[in-house]
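Participant: Sharing a model that was predicted from the sequence below.
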Amino acid sequence: MSEARWAEGDTTPERIEAALRELLREEHAADETLVPARVLNLVVVADREWRGEVVNRLERLGEYHASRTILCTVEEGRNRLDATATVSGHGAGEGRVGVLRENVEIEIGPGHLGHVDTIIDPVIVSELPTLLWSPHSHDEAVESLLRLVDVILIDTDDPVYFDGPGAALARAAQLSDSSVYVVDLAWLRTVAWRERLAGSFENPARRAALQSLKRIYVRYNPASVVSALLLIGWLASRVGWQPSALEPAPGGALRGTAKRGGGGSISLEFSPVPQGTRGIAGVTVTGDAGFSLSLDRGPGGLVAREQRAGARPQQWRMFGTSRGEAGILGDGVRQALLRDEIYRPALEAARSLTP
Amino acid sequence: MADNPLVEGLERQPVRSTVLVIFGALGDLASRKLLPAIYNLAHEGALPERIELIGISRGETTDEQFREHVRESVDRFSRRRPNVDVLNGILEHVSFVAGSFDDPDLYARLLTRIESLDAQFGMRMNRVFYLSTAPEFFPLITGSLGESGLNTAQDADVRVVIEKPIGYDLASARLQNAAVLNYFDESQVFRIDHYLGKETVQNLMALRFANALFEPVWNRNFIDYVQITASEDIGVGTRAGYYEGSGALRDLVQNHMLQLLALLTMEPPTSFEANRLRDEKVKVLEAIVPPRLDEVALMAVRAQYGDGVVSGGEAAAYLEEPGVAPDSRTETYAALKLYVSNWRWAGVPFYLRTGKRLSRKLTEIAVTLRPVPHLAFQSSGPGGVQPNQIILTVQPDEGVSVSLGAKIPGTKMQIRPVNMEFHYGTSFMSESPEAYERLIMDAMRGDATLFTRNDEIEALWGIIDPILSAWGADRSSPIPQYPSGSAGPQEADALLEGCAWRRL
């Protein structure tokens, strides 16, 4: 791997940008097969003390790296800007292309947060979309950068961000109303569950049951209640239910109902359960005439259990691997280039469920 | 039945539970491509909620032995390291039915197996029969499936996937299509050309129809000529048995290269729906007037590779390759000049070339625009003002390049071509998915957009058939030779009018 590096204390955004241009020129001159990737700017604002963890998460994004990553680490008491820039890539053979990736780290102080946009603006590649991720909140920086970014990555499951699920979902809605597109990691934790539930009702034998469901029961990691709300919000928004606010129940559970468009109601139950990974642990949909379908996380995929009237119970596995939190974050970066039209209706339905 | 409201907006559309039956399950294609593709789909959670894989082949292979074969194929050829839980889980749903393809009892046992799976799961599963066999078995297998009642199922979709080559010439392709369509409706038949599953090939349509920049110049008024190249740097290797009966024209031109030509020249379809797209491809293929027998020598060149040097090492001539007849007249190189006789393309030559043991592996489409009408600059010719070119590279690196004339910095007005390039690797975060994964899912989903329709197959053969006939009738003219590791035979240069082949 080829790597060129630049560092400077007490620097300026203009000097960082000039250094990046020079590093790219040097790398391309040394190996013509190396060309800059041009996909996405990723701007990360994080506490200096958690830098290692953030860098570790960024390194484990897998194949979904942004082309230019700008990490701003915030350190108490800092007044000046120190920066490093790295341009790296693997050379390729004749006729092939090697991709150069650019990483910038700028050390800033709390005093910079309110106008951090003026630091970032000269450093991003202007013709590319820009994604903002601020894992340690820093609302001041987020507000400052909103004019500059196209997409914001949030995690409505993360208590660091928000004071409870209601506040989290309200903030997501507020951001969705602005000019930026919202990618919510809590929503991405529900992808496999949504796909599998949708696939289950592709089966003609079950299709009719979708309109006569009586009870939905969701199990989730205690840190992922918003994922659970979004999953049921999605179901409600797709099928046309009107959910009402959930009530607390023993054991940290939540209970409530949703009204069906054609009359009748659906019982909704949410239970936190011990689970090593964040996200949904299982979901059971129960209909009339003895129908129920449960999906639960298991090794190598989701374990499905189905009960139908007059038939013996069935159990099988729907194959797939868990992406883990690194994979979820990687998918979040990838989603910056896509547009998901069903998040917003699911979000609104989830807000109706908020206790 | 009402639509499923849950599928709307999902990035990955679900597929109904399926029994996937692979005929020729112990063969090379299944081992290298199909079985690893199925594993990778499982890994990503893309397979239907219930999937059963049944392998079929001759020979006494047990379920357990076949499972071991699947495991070894996945271990060896999967693009990612297998997850033990997923692989073991899949293997629990793998079984084998041994038998000769001409044995009616094989199909009876297959029907019993599938019906028992339906009963076991309490639902009728979709059925996909993937014929990964030599083409001479296609009519036999599809006929036997039909005779056994396996070609339809109440409340479930039945599909048959057929690998190329479809036929040996126009007559045999018609016979084969007729044999398949005797038992299956065209909507059930998925003829695979894996080139169509490649991202760049699909991107050709995006480039043409999603950009106002290109379509206005995509016609005879602006385009001077087009070159389509599919070169390989390897020889026939261990495939002499197949290749001797095929040759370059059948192996690559009749399918992959003419498909590229069709996508490049077709009119915009009204929607990206299977039959709308294929209607347009058929229309443009039918606009390519096949040569008369006496015209073939003027528009087609064939050749064989001789000995030479490849990658610094000596390489043997085709006629010295194991399994090749010493007097073989099979072409390892073919170049054609074709015209599309319609309003848009009249008079524009399309040059196609393919060959083995050439200097480089490369698949590309090079569209050369006409020169500007008046040249105000002094410097022209090589290094000076050159016509614009749009280059679509399919492999090794998928991308698009547009050559433009730009001023060389300095006091003089000197122009030289520069390239504006787009590479998949630099502009998207993910690598292109494996073509077979995409196509297997499309076949299970019933989306035939990237598969070839019967009339399309016949239109493709209609272009090639006269050339095959002329070459087949000529048993005495020497076959031109080109050195291994070169850019091909000099004879191919004679096809070109006022231009040269692009450097490989």
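Facilitator: Now that the structure is in, tell me what you want to look at. Residues are numbered from 1 along each chain as shown, chains lettered A, B, ... in the order given.

Participant: excluding its backbone neighbours, what's nearest whichever residue of the stretch 51-200 of chain B sits closest to chain A?
Facilitator: When scored by C-beta to the nearest C-beta, the stretch 51-200 of chain B has B:Asp85 as its residue closest to chain A, at 3.0 Å. Every C-beta, even on glycine, is put in place using the N, C-alpha and C of the backbone. Distances taken as C-beta to C-beta, 6 or more residues apart in numbering or on different chains put A:Gly300 closest to B:Asp85, at 3.0 Å, once the chain neighbours are dropped.

Participant: so that neighbour touches A:Ser322, yeah?
Facilitator: No - between A:Gly300 and A:Ser322 there is no contact under C-beta atoms under 8 Å: 9.6 Å.

Participant: Next one: B:Trp218 from B:Phe422, what distance?
Facilitator: 18 Å (C-beta to C-beta, to the nearest Å).

Participant: what about the nearest residue to B:Ala274 once chain neighbours are set aside, neighbour count?
Facilitator: Of all residues not flanking B:Ala274 in the chain, B:Ala448 sits nearest, at 4.0 Å (C-beta to C-beta, 6+ apart). Using other C-beta atoms under 10 Å in any protein chain shown, B:Ala448 is surrounded by 22 other residues.

Participant: what helix or strand is the residue of the stretch 51-200 of chain A found nearest chain B on?
Facilitator: Going by C-beta to the nearest C-beta, chain B is nearest to A:Gly199 of the stretch 51-200 of chain A, at 3.3 Å. Element membership for A:Gly199, per DSSP states H and E: helix A:191-200.

Participant: With A:Gly256 instead?
Facilitator: Using DSSP H and E, A:Gly256 falls in strand A:254-259.

Participant: likewise B:Thr112?
Facilitator: According to DSSP H and E, B:Thr112 maps onto helix B:104-121.

Participant: re the thing from before, ok, A:Gly300 and A:Ser322, which is more surrounded?
Facilitator: Using other C-beta under 10 Å as the criterion, A:Gly300 and A:Ser322 rank with A:Gly300 on top: 21 against 17.

Participant: tell me the contacts of that one?
Facilitator: By C-beta atoms under 8 Å, 6 or more residues apart in numbering or on different chains, A:Gly300 lies in contact with A:317, A:319-321, B:83-86, B:88-89.

Participant: in the stretch 151-300 of chain A, which spans are helices?
Facilitator: For the stretch 151-300 of chain A, the helices defined by DSSP state H, counting those that start in this stretch occupy A:164-177, A:185-188, A:191-200, A:204-210, A:225-239.

Participant: should've said the stretch 1-150 of chain B
Facilitator: With DSSP H, counting those that start in this stretch applied, the stretch 1-150 of chain B shows helices at B:28-29, B:35-43, B:63-77, B:84-91, B:104-121, B:138-147, listed in chain order.

Participant: okay, and for the chain, where does confidence drop off?
Facilitator: I went with chain A, as the question did not name one. A:62-63, A:94-95, A:161 (pLDDT under 70).

Participant: Sorry, I should have been clearer: chain B.
Facilitator: B:1, B:377-383, B:425-432.

Participant: Which helix runs longest in it?
Facilitator: Identified as the longest helix of chain B according to DSSP state H is helix B:454-473.

Participant: Show me what it packs onto, helices and strands only.
Facilitator: On a contact count with 3 or more C-beta pairs under 8 Å, 6 or more residues apart in numbering or on different chains; DSSP states H and E, helix B:454-473 meets helix B:170-181, strand B:189-191, helix B:258-265, helix B:274-286, helix B:296-299, strand B:300-310.

Participant: Rebuild these as CSV, extending it with distance to A:Asp31.
Facilitator: Formatted as CSV, the helices and strands packed on helix B:454-473 follow (distance: least, C-beta to C-beta, whole Å):
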stretch, distance to A:Asp31
helix B:170-181, 48
strand B:189-191, 43
helix B:258-265, 31
helix B:274-286, 41
helix B:296-299, 43
strand B:300-310, 25
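
Participant: Just give me the neighbour total for B:Thr152.
Facilitator: Neighbour count of B:Thr152, defined by other C-beta under 10 Å: 15.

Participant: Report the contact partners of the nearest residue to A:Pro299 once chain neighbours are set aside.
Facilitator: Spatial nearest neighbour of A:Pro299, excluding adjacent residues (C-beta to C-beta, 6+ apart): B:Asp85 at 4.1 Å. B:Asp85 sits next to A:299-301, A:321 when contact means C-beta under 8 Å, 6+ apart.

Participant: circling back to that earlier point, using PDB, write out the CA atom coordinates for the longest helix of chain B.
Facilitator: The C-alpha coordinates for helix B:454-473 follow below in PDB (Å, rounded to 0.1, in the frame of the first residue of the first chain):
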ATOM      1  CA  ASN B 454     -36.600 -16.700 -28.000                       C
ATOM      2  CA  ASP B 455     -37.000 -14.200 -30.900                       C
ATOM      3  CA  GLU B 456     -33.900 -12.400 -29.700                       C
ATOM      4  CA  ILE B 457     -31.900 -15.700 -29.800                       C
ATOM      5  CA  GLU B 458     -33.200 -16.300 -33.400                       C
ATOM      6  CA  ALA B 459     -32.400 -12.700 -34.400                       C
ATOM      7  CA  LEU B 460     -28.800 -13.200 -33.000                       C
ATOM      8  CA  TRP B 461     -28.300 -16.400 -35.000                       C
ATOM      9  CA  GLY B 462     -29.900 -14.800 -38.100                       C
ATOM     10  CA  ILE B 463     -26.900 -12.400 -38.200                       C
ATOM     11  CA  ILE B 464     -24.300 -15.100 -37.600                       C
ATOM     12  CA  ASP B 465     -25.700 -17.900 -39.600                       C
ATOM     13  CA  PRO B 466     -24.500 -16.800 -43.100                       C
ATOM     14  CA  ILE B 467     -21.000 -16.300 -41.800                       C
ATOM     15  CA  LEU B 468     -21.000 -19.700 -40.300                       C
ATOM     16  CA  SER B 469     -22.300 -21.200 -43.600                       C
ATOM     17  CA  ALA B 470     -19.700 -19.400 -45.700                       C
ATOM     18  CA  TRP B 471     -16.800 -20.400 -43.400                       C
ATOM     19  CA  GLY B 472     -18.100 -24.000 -43.100                       C
ATOM     20  CA  ALA B 473     -18.300 -24.300 -46.900                       C
END
